[in-house]
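[1] Attaching a predicted model along with its sequence, questions to come.
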Amino acid sequence: MKTDWKPLMQRVSSEMIKSIVVSLWFVFLTFPLMVMKIRPLDQTIEWRWMNLVYVGVGAFFLSFVWRYLMARKERGSEKDEGDSWQKRIGMKIRSDKRISVSGLIGVGIFVLIFPFLFSSYQTSIMITALMYVMLGLGLNIVVGLAGLLDLGYVAFYAVGAYFYALMNHHFGIGFWAALPFAGGLAAVFGILLGFPVLRLKGDYLAIVTLGFGEIIRLILENWNELSYGPSGIAGISRPGFFGFEFTLQQHTVYLFYIMVALVALTTIVVSRLRNSRIGRAWIALREDEVACQAMGIDKTRTKLTAFALGATWAGFVGCIFAAKTTFINPASFTFMESAMILSIVVLGGMGSIVGVMVGALVLILLPEYLRAFSEYRMLAFGASMVIIMVFRPQGIISGIRQRYEFRKQPQQEVSP
Amino acid sequence: MKRLLVVVVALSVVLFSGAAFAADTIKIGVPGAHSGDLASYGLPSLNAAKLVVADINAKGGILGKKVEIVPEDDVCKPEVAANVGTKLVSEKVNVVMGHICSGATKAALNIYKDAKIITMSPSATNVDLTKSGEYPNFFRTISPDDAQANLQVVFAQKKLKVKKVAVIHDKGDYGKGLAEFAKADFEKMGIKVVLFEGITPGAVDYSAVVQKIKRSGADAVVYGGYHPEAAKIVSGMRKKKMKTIFISDDGVRDDTFIKVAGKYAEGVYATGPIDTTKNPLAIAAIEQHKKVYGTEPGAFYLNAYAATECLLQGIEKAKSTDYAAIAKSLRSNWFQTPLGKISFDAKGDAKGIGFAVYQVKNGKYVEIGK
Amino acid sequence: MDYFLELFFGGLTRGSIYALIALGYTMVYGIIQLINFAHGEIYMIGAFTALVVASALSLLGMNGLSLLMLSGVIAMIYSAAYGFTMEKIAYKPLRDAQRLSPLISAIGMSIFLQNYVLLAQTSDFVSFPALIEEFPFMESVTIMRSSELVIVVTTAVATTLLTLFIKFTRMGKAMRAVAQDKTMAMLLGVNVNRVISATFIIGSALAAVGGVLISSHIGQINFYIGFIAGIKAFTAAVLGGIGSIPGAVIGGLVLGWTESFATGYVSSDYEDVFAFGLLVFILIFRPAGILGKTTSEKV
């Protein structure tokens, strides 16, 4: 019996040593920033030795958790993909109409009564989350389907928002009249961006789109005659409803339903698009540009439609954004915003519609619910992004690729 | 599925924990930029609110109730500010001390107006916030852009006798707003504005702008913006041995500016609330910050200190947390604050916060004229 | 003419800083095709470490060149350690994942590190001591200052050393091999993990050099300085042709000059518009950057 204990003890001690090494490393790493703190007042150093202990003990235990999760991830990837429980449930839902239909109805009912269940704060952040669902679905066309890395998506969002704000400010044009044109204008901008970048690939495309986004923001900041500069445009009308007067709370509820309807519309359109001729062309383009061209797909047109159709949704959401906050200024359209939308797409699961929805809900609602941690909010948010990516690199919900399998049919069915 | 359950339970705990509050406190919402690039202008206000509230609670609170702070991070973005506003309303705060940026304030103000919550900003200087008359619930303990710009211009013309000026701003809602008023006022007085430009905040250095100022031949630079960029420009100018006068605003009249710019800060003019260097309350407030946080207080600290005190004293003098009662109390009473004895006019701007011009002399801001 | 020269040297200084940070970007990109968005934060951490260390050392009475050297070296060590750890935590587990996953992980890392420094140190700007002293022989020169000279010279030296390192050392050869073909390099017995770690270490140390020099040149830092510097350096790296070391330097300089001249002769309102405009313009004609090789695809 004694011999059985030995390997275990060895393993425990080797794990302990590993964790101690990690813990010492982090103590070393965080020493100058966590322990020492300059007091600019009298140019002295404040020594916070207790932080050393926290870091050491924290790193010691977290390293166990980290290694355990890593090992699990390794084991998980060794196993057959089709065997994991998520996949099985996914397959089940897909194959069984009853589950999927009743699930959809359940979700639908929950969504419809949501504003009455929760406070208007909850409704309000849910509207924001739904706006990002739409933005994510739009960017998903460009990044997820067509494989064009776009870091300046926020530009189209800004175009939509400023279009409605200016139209409303100067001509008193209402939300519903402006909405379709906001989308259209954004699409035009999408094509404008698309032309110069047709030849670019991968990360060169990324930096040019990033530059494009920044240029749009800088123009909004500097061109006072057009955009009123950084002081922004206030007093934008909220969406109307056949001339009814709403209170603020009713407006929130109304906007929530508008958003739900628009997300539903986006979902339907995007999923139809994905399985259309153009959608397949996008996917083909993403997979192999050369082969795609050889198959007779017009590369220019395919890329431009991806930019245009992706931008359209951002234009819509921009319009809603202006109507929701009733005030806009260029501060809302920074590069970080583009990065956030991209994160939604990748973190949720590229190419997958449900994935993008989950990604948007996680990334937008997480910082809101992390408010309980007050000053540690963004620290926790950054860490969660890394952790989610490390442990689910394919995204929370990975896109299920359409597969057309050839299965040998059972004999008796083939022969009549 | 168990994992999912755990997540759902954990989330709902977080979600509803906010709802379980005791009703016998007075809640003051403190929204502002607490993270991101503008955190250094938002966090000092939060510190100020914390110190004031700790003091008041130590004395037994107001109206027999303890005061509780509800801090919310709006990152100075309008859309986040709107959500934060809704959150504060649903948490039933009695008053709001914030937001920091004018844009964020504008986005959230309608929500507070609708919910009848008095809002007092320590730093939103946009003119429309008070002058438009659209926001009867809004007050502030900082002077609006036009007043501050006018003071700078008059001072530059009368005392410094400048002939040509360069007006520089940081493209932000605070800095650009000020700079535009300054430019208009200078032109009205017939002083030539030889340069009007926005710089990119956070850029590595501003040597090109400094060269441009030098070439423009301006006697003085009027800068609208915050101290980090101002410090870079001033040191850049002085290191190039330029003696151009530098005039700036409240965002620069901050001891951190002197710490950062060091000897180059000497001689810089900045406008700010009257007489805070001699006001015993201001000295005490600054000492308190040094004692608790070990650093000089940052931007808008005294404004936020004053705003929190006004709000809480206003409630105490109104003997109620009712919207109309507080508003009336704020408009009819005078409050002792680090910014002096102040009250508020019908539009919400502070009365009694005179503005004065300060100059850095021997590493300290000294008041030199009103 | 003086005006032109001053703008020229101003742009040269700024460009050198971009180049120092861009080197790290370009090296990492060349080897694992990752846009390391957290690289700017490493630069910021380098500057902060130097500040803390320099304050501590000057309390002990150290000053002058030895202070600059010692705090600079410690900052490099720490930045390298952060870069190394960051790679192990956030990028190594994602090596075989889809291409965009490490990018998002990098964005998360960037947010995390910013807020880590914000919480551990301060949100406010703090003054950074002028570690580089004015040289007596620069007294009469008006168009350039000592610290600017130091920055430019350091960049030149660092780039040269790095180029020699990559060309002639074993590790440099291994790096080139991994950049060309990771799998093949592995088969030939190159320890890919070690090469990648070495890349992060060198890139991060260079970023720290940039951080220390520029901070002591402009005299202040806060937790957010890495973000803009990072984006600009990334732009520079792409402009020069990402993956190429001389390209990063040329890209940095071109970007620095563009910004400087745009401000000087046009307006600083649109400084960044010019920078990005130039980028688009160059990429239209040279889709792989100034020094990037346009590889024709074989089918």
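    Yep, it's here.
[2] What number of residues are in the vicinity of A:Val53?
    10 (other Cβ atoms under 10 Å in any protein chain shown). The C-beta positions use only the backbone N, C-alpha and C, and glycine is treated the same way.
[3] Ok, C:Val73 next?
    Counted with other Cβ under 10 Å, C:Val73 comes out at 16.
[4] and if you look at C:Leu206?
    31.
[5] So it: helix, strand or coil?
    Taking DSSP: H, G, I helix; E, B strand; the rest coil as the rule, one finds C:Leu206 in the helix state.
[6] I figured it was touching C:Thr26, is that so?
    No - using Cβ atoms under 8 Å, C:Leu206 makes no contact with C:Thr26, being 10.5 Å away.
[7] List the buried residues of stretch B:98-117.
    B:98-113, B:115, B:117 (16 or more other Cβ atoms under 10 Å in any protein chain shown).
[8] now, which of these lie within helices?
    Secondary structure defined by DSSP state H assigns B:102-113, B:115 of these to helices.
[9] Stretch A:381-390 and chain B in contact?
    No - against chain B, stretch A:381-390 shows no contacts by Cβ under 8 Å from any Cβ of the partner chain, the least distance being 9.3 Å.
[10] what comes into contact with that stretch?
    The contact list for stretch A:381-390, computed with Cβ atoms under 8 Å, 6 or more residues apart in numbering or on different chains, reads A:343, A:346-347, A:362-363, A:366-367, A:370, A:396, C:89-90, C:93-94, C:101-102, C:104-105, C:107-115.
[11] And for A:Lys73, the neighbour number?
    Using other Cβ under 10 Å, A:Lys73 is surrounded by 15 other residues.
[12] Dump the ones in helices among the buried residues of stretch B:98-117 to JSON lines, plus pLDDT and distance to A:Gly296.
    Conversion of these to JSON lines gives the following (pLDDT from 0 to 100; distance: Cβ to Cβ, whole Å):
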{"residue": "B:Ser102", "pLDDT": "86", "distance to A:Gly296": "56"}
{"residue": "B:Gly103", "pLDDT": "85", "distance to A:Gly296": "51"}
{"residue": "B:Ala104", "pLDDT": "88", "distance to A:Gly296": "52"}
{"residue": "B:Thr105", "pLDDT": "90", "distance to A:Gly296": "57"}
{"residue": "B:Lys106", "pLDDT": "87", "distance to A:Gly296": "54"}
{"residue": "B:Ala107", "pLDDT": "87", "distance to A:Gly296": "50"}
{"residue": "B:Ala108", "pLDDT": "89", "distance to A:Gly296": "55"}
{"residue": "B:Leu109", "pLDDT": "89", "distance to A:Gly296": "58"}
{"residue": "B:Asn110", "pLDDT": "85", "distance to A:Gly296": "55"}
{"residue": "B:Ile111", "pLDDT": "88", "distance to A:Gly296": "55"}
{"residue": "B:Tyr112", "pLDDT": "90", "distance to A:Gly296": "60"}
{"residue": "B:Lys113", "pLDDT": "88", "distance to A:Gly296": "60"}
{"residue": "B:Ala115", "pLDDT": "87", "distance to A:Gly296": "61"}
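[13] and which of these is nearest B:Ile233?
    B:Ile233 lies nearest to B:Ser102 out of these, by Cβ to Cβ, at 22.7 Å.
[14] so who does the closest residue to the closest one other than its chain neighbours touch?
    Closest residue to B:Ser102 apart from its sequence neighbours, by Cβ to Cβ, 6 or more residues apart in numbering or on different chains: B:Asn126 at 3.6 Å. By Cβ under 8 Å, 6+ apart, the contact list for B:Asn126 reads A:Ser231, B:Ser102, B:Thr105, B:Lys106, B:Pro144, B:Asp145, B:Asp173, B:Gly177.
[15] burial measure for the first one, as a count.
    Residue crowding around A:Ser231 was assessed by other Cβ under 10 Å; the count is 23.
[16] So for the residue nearest to it when sequence neighbours are not counted, what's the pLDDT?
    Among residues not flanking A:Ser231 along the chain, B:Asp173 sits closest, at 4.9 Å (Cβ to Cβ, 6+ apart). Here the pLDDT value assigned to B:Asp173 is 81.
[17] correct me, but B:Asp173 touches A:Gly232?
    Yes - with contact defined as Cβ under 8 Å, B:Asp173 counts as touching A:Gly232 (6.9 Å).
[18] any idea of the pLDDT on B:Lys328?
    B:Lys328 is assigned 88 on the pLDDT scale.
[19] dump the residue contacts of it.
    B:Lys328 touches B:Ala318, counting by Cβ under 8 Å, 6+ apart.
[20] go again using 10 Å as the cut-off
    Residues near B:Lys328 by Cβ atoms under 10 Å, 6 or more residues apart in numbering or on different chains: B:Gly314, B:Lys317, B:Ala318, B:Asp322.
[21] can you count the residues close to the last one?
    So the one you mean is B:Asp322. Using other Cβ under 10 Å, B:Asp322 has 15 neighbouring residues.
[22] can you check C:Gly24 too?
    Neighbours of C:Gly24 under the rule other Cβ under 10 Å: 30.
[23] try C:Leu255
    By the criterion of other Cβ under 10 Å, C:Leu255 has 29 neighbours.
[24] go on, the one 10 residues further on?
    As a burial measure, the neighbour count of C:Tyr265 was computed by other Cβ under 10 Å and equals 12.
[25] Could you do B:Tyr135 as well?
    Applying other Cβ under 10 Å, we find 19 residues neighbouring B:Tyr135.
[26] and if you look at A:Phe61?
    Residues near A:Phe61, counting by other Cβ under 10 Å: 11.
[27] Who's the closest spatial neighbour of it, skipping the chain neighbours?
    A:Ser19 (7.8 Å).
[28] ok, the one you found - contacts?
    By Cβ under 10 Å, 6+ apart, the contact list for A:Ser19 reads A:Ala59, A:Phe60, A:Phe61, A:Leu62, A:Ser63, A:Phe64, A:Trp66, A:Arg67.
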